[in-house]
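Novice: Starting from these lines, generate the structure:
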Amino acid sequence: TLCVFDLDEDMRRKLSHKRKLNELEAERDFLLQLVNTLRGSSDDKALQLLGLIRSQAPPAELQLYIESVMTDGDRQQSPVWADMYDRTQSPSNPIDFHRPSLHRAPTIKRLPSPPVYHVPAEPWTSVTKSDDFVSHLVSLWLTWSQPFHNWINRDLFLRDARTGNLSSQYCSPFLMNCILTEACFYSDHPEAYADPTD
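Specialist: Here you go, the predicted model:
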């Protein structure tokens, strides 16, 4: 017997193509929503969103952040944004947006390698003796804050921090503790909290 297979009648292939098309449309809509949010947000909110993107937050988390940033008033002012919001909220949206996570910035566990910058804890701070933790915080600060608020020279700061010389020109205990304090806002490491269970 002769077996004839008609591709046009194979509904599995059509359903597969339709499903793939819906997924691609949802991803495109989400990316457009992301771009529009970055365009329409204040600098602070845009930088926070960029930080989430750089830390490889899942789409669900980016979606939750975008929803928290954009108020109803923002949606009414921007018809494009309102349309994007409505599209991504539809029940047929195949992107997995229901995986919330507690995400602020990369944690030590999520970092692919040891801290980018290595500096000693002593003599710069008495809060911790851990060189790894101080290096972690300095790396976070140099990654997330310093590029946007470039008020110190990174290379000169690192050079002097590594020497451990208290009379150096570009590093002091006060400066180091200020940097470590701000970097704690980016860290989920238990040592970054006054109360490790907080």
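Novice: How about the contacts made by the nearest residue to residue 177 once chain neighbours are set aside?
Specialist: Leaving aside its chain neighbours, residue 177 sits nearest to residue 125 (5.5 Å; criterion: C-beta to C-beta, 6 or more residues apart in numbering). Glycine gets a C-beta too; all of them are placed from N, C-alpha and C. Contact analysis of residue 125 by C-beta atoms under 8 Å, 6 or more residues apart in numbering lists 134, 173, 176, 177, 180.
Novice: Which helix or strand contains the third one?
Specialist: With elements taken from DSSP states H and E, the one containing residue 176 is helix 173-183.
Novice: What residues of that helix count as buried?
Specialist: Under the neighbour-count criterion of 16 or more other C-beta atoms under 10 Å, helix 173-183 has 176, 179, 180, 182, 183 buried.
Novice: Widest-spaced pair of the contacts of residue 125?
Specialist: 134 and 173 (11.9 Å; C-beta to C-beta).
Novice: Find residues that contact each of these two.
Specialist: Here residue 134 and residue 173 share the contacting residues 124, 125, scored by C-beta under 8 Å, 6+ apart.
Novice: By mean pLDDT, flag the weakest helix or strand of this protein.
Specialist: Least confident helix or strand of the chain, by mean pLDDT, DSSP states H and E, is helix 72-77 with a mean of 47.
Novice: quick revisit: pLDDT on the helix holding residue 176, on average?
Specialist: Average pLDDT, helix 173-183: 93.
Novice: what's the answer for stretch 142-151, then?
Specialist: Stretch 142-151 comes out at a mean pLDDT of 85.
Novice: what's next to it, contact-wise?
Specialist: Counting by C-beta under 8 Å, 6+ apart, 47, 51, 105, 116, 117, 152, 154, 182, 183, 186 sit against stretch 142-151.
Novice: ok, 7 Å please
Specialist: 47, 51, 105, 117, 154, 182, 186 (C-beta atoms under 7 Å, 6 or more residues apart in numbering).
Novice: Now the spatially most central residue of the chain: which helix or strand?
Specialist: Nearest residue to the geometric centre of the chain (C-alpha atoms, centre = their mean): residue 52, 1.7 Å. In this assignment (DSSP H and E), residue 52 forms part of helix 43-54.
Novice: In that helix, which residues are buried?
Specialist: 45, 47, 48, 49, 51, 52.
Novice: go on, stretch 129-142?
Specialist: Within stretch 129-142, the residues that count as buried by 16+ other C-beta under 10 Å are 133, 134, 135, 136, 137, 138, 139, 140, 141, 142.
Novice: If we go by neighbour counts, what in the longest helix along the chain is buried?
Specialist: Ranked by number of residues, the top helix in the chain under DSSP state H is helix 11-40. Across helix 11-40, burial judged by 16+ other C-beta under 10 Å covers 26, 29, 30, 32, 33, 34, 36, 37, 40.
Novice: relative orientation of it and helix 43-54 in degrees?
Specialist: Our comparison of helix 11-40 with helix 43-54, counting by axes from the mean of the first three to the mean of the last three C-alpha atoms, to 10 degrees, yields an angle of 140 degrees.
Novice: What helices and strands are in contact with helix 11-40?
Specialist: helix 43-54, helix 59-69, helix 79-88 (3 or more C-beta pairs under 7 Å, 6 or more residues apart in numbering; DSSP states H and E).
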